[in-house]
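**Q** dropping a prediction and its sequence here:
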Amino acid sequence: MASKTKFQAIRGTRDLLPPETALWNRVEQTAHEVFTTYGFGEIRPPVIEPTELFARAVGGDTDIVSKEMYTFPDRLEDHPETAKTIQDFMKEQPPLVGLAIATSAALYPFISLRPEATASVCRAYIEHNMQQLPQPVKLYYMGPMFRRERPQKGRYRQFYQIGAEILGGPDAPAIDAELIEMLMTFFDKCGLQGTELSINSIGHAADNCRRGYVALLKAELEKVKDKLGADSQRRIETNPLRVLDSKLEYEQPIIATLPRIADHLCDECKTHYAAVKHELEQRGVIYRENWRLVRGLDYYMRTTFEITAKGLGSQNAVCGGGRYDGLVELLGGPPTKGIGFAIGEDRLILSLQESGKGAAPQGRDVYIAWMGERAYATAIRAAKDLRNAGFRVELPPTELKFGKALERASKLGSRFALILGDNEVADGQWTLKNLADGSQQKLTEQALLEYLLKP
Ligand code: HAM
């Protein structure tokens, strides 16, 4: 017997529906336009990648890789070079998906749904020898990402990012500043309100820079360990910098007394940070410094930034980014500079909707109310011509009494009803009814088009 199960979208995923999708399209179109004016080209990397790519790029100890990735054993023939047994794989990194596959000695390549796209863009840069192109290479992308987080407002398991990356080129703070300028221009063009840009520098991995600072931070954290929550206590061991991310009320006064990274940067990183700030000021970009902005992915160094927007509640980061100079090399490529950002498109849309910038319901320009067989033939042709001229046209597939047809036209939010009966067709005089004020006029086919095209 056929099951009566009603299917529903999986928890943390959802359907994007009209009219909201019109707003998504507008936002994406704005990104295409703004990013193109800054010399960026679009890249569309795949949604699945070898698990190892994210483990190496984002970091095995990060929440994203250790807890949130959707990971699967693939069939062997596809990626023999990265194949391993399920047991070996589980030893390295317990996959979140409940792998109910009996233990066996079979080898599997493991693949993951991408939790972010910076790793993919760097992989593509190496794979396609982009270091041979004029540098830097500027790429942007948009599309779904997957993280198995606890769903809430502004947080989904399938969510969408619009991101941009600059790879290669010189060590110039102007690159950081121009990227941020582009981002703020984009938000401005979208009409996003209440944006706040926070920036920081987390230096580079050297004893006289971040490594020295982290050791100092760890020592200070050990002293106050008892006063911290379980998460922070664990992070003292795994990633002390992330303690600074804590939102727990009672940890705030403790964190406020911790040493600050800006006081422990090496001379080069200090100079770089000062120059980024100067370059931002030259461009009129307003920023706030936040010494606690450390970001949750391992690949960052020097500049980090985040943008918050209004109307989002606790998930108010609408964009995050930063510099990642070592990443391409870490993935097997040549030493290459890198910086980029990713916008949470879902959150951007939410914030626009909250400030009343949502999409209007999608109406129709013309609803064709036809009756009779001759009228139907004319209606088909009229619909085609009007659509060719760019009008949104509804042609009912079955004959309706004029009264009923006008009712439907109003329900669909049509501006006009074109009334076509056999009389109208015989006279060559079509009736156009303005549904806003109820007025009616007779027009020839040509005059009708001209009338509708008038601004
Ligand atoms: P991220 O901070 O992990 O950075 O994500 C960027 C943005 O994606 C966040 O600020 C947020 O708006 C959105 N986002 C993240 N997770 C979710 C979720 N579960 N639901 C809804 N929105 C979410 C990155 O992904 C880096 N790849 C950014 C980057 C590019 N850095 C350099 N280049």
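**A** Done, it's in. Numbering: from 1, shown residues only.

**Q** now Glu20, nearest residue through space, not along the chain?
**A** Distances taken as CB to CB, 6 or more residues apart in numbering place Ala359 nearest to Glu20, at 6.1 Å, with adjacent residues excluded. (Each C-beta comes from the backbone N, C-alpha and C, glycine too.)

**Q** for the one you found, grab the count of nearby residues.
**A** 17 (other CB atoms under 10 Å).

**Q** go on, Pro18?
**A** By other CB under 10 Å, the residues close to Pro18 number 11.

**Q** also Gln429?
**A** Neighbours of Gln429 using other CB under 10 Å come to 15.

**Q** next one: Ala369
**A** Neighbours around Ala369, by other CB under 10 Å: 29.

**Q** please apply the same query to the one 5 residues further on.
**A** Residues near Arg374, counting by other CB under 10 Å, number 15.

**Q** just use 52 as the starting number from now, easier for me
**A** Will do, 52 is the new start, and the previous item becomes Arg425.

**Q** I'd say it and Asn474 touch.
**A** No: between Arg425 and Asn474 there is no contact under CB atoms under 8 Å: 10.0 Å.

**Q** on that earlier part again, what's the spacing between the residue nearest to Glu71 and Gly194?
**A** Here the distance between Ala410 and Gly194 works out to 20 Å (CB to CB, to the nearest Å).

**Q** so what's Val444 up against?
**A** Counting by CB atoms under 8 Å, 6 or more residues apart in numbering, Val444 makes contact with 415-419, 434, 437-438.

**Q** any of those buried? List them.
**A** 415-419, 434, 437 (16 or more other CB atoms under 10 Å).

**Q** nearest to Ala468, of those residues?
**A** Closest approach to Ala468 among the buried ones among the contacts of Val444 (CB to CB): Tyr418, at 4.9 Å.

**Q** name the strands paired with whichever strand or helix holds the closest one and say parallel or antiparallel.
**A** Using DSSP states H and E, Tyr418 sits in strand 415-421. Strand 415-421 sits in its sheet next to strand 444-445 (parallel), strand 465-471 (parallel), going by DSSP bridges.

**Q** ok, back up a step: and the furthest pair within the contacts of Val444?
**A** Tyr418 and Arg438 (12.9 Å).

**Q** below-threshold pLDDT in the stretch 352-501 of the chain: ranges please.
**A** Under the criterion pLDDT under 70, no range of the stretch 352-501 of the chain is flagged.

**Q** Leu403 is in contact with Gly242, isn't it?
**A** Yes: using CB under 8 Å, Leu403 is in contact with Gly242, at 6.5 Å.

**Q** higher neighbour count, these two?
**A** Using other CB under 10 Å, the more surrounded residue of Leu403 and Gly242 is Leu403, with 21 against 14.

**Q** so who does that one touch?
**A** Neighbours of Leu403 in contact, by CB under 8 Å, 6+ apart: 74, 78, 241-243, 409.

**Q** for the residue of the stretch 252-401 of the chain found nearest the ligand, grab the count of nearby residues.
**A** Closest approach between the stretch 252-401 of the chain and the ligand, counting by CB to the nearest ligand atom: Gly395, at 2.1 Å. By other CB under 10 Å, 27 other residues sit near Gly395.

**Q** partners of it in the sheet?
**A** Applying DSSP bridges, one finds that Gly395 bridges with Gln212.

**Q** distance check, the most centrally placed residue in the chain against the ligand.
**A** Geometric centre of the chain, nearest residue: Gln212, 1.3 Å, by CA atoms, centre = their mean. Distance of Gln212 to the ligand, computed by CB to the nearest ligand atom, to the nearest Å: 5 Å.
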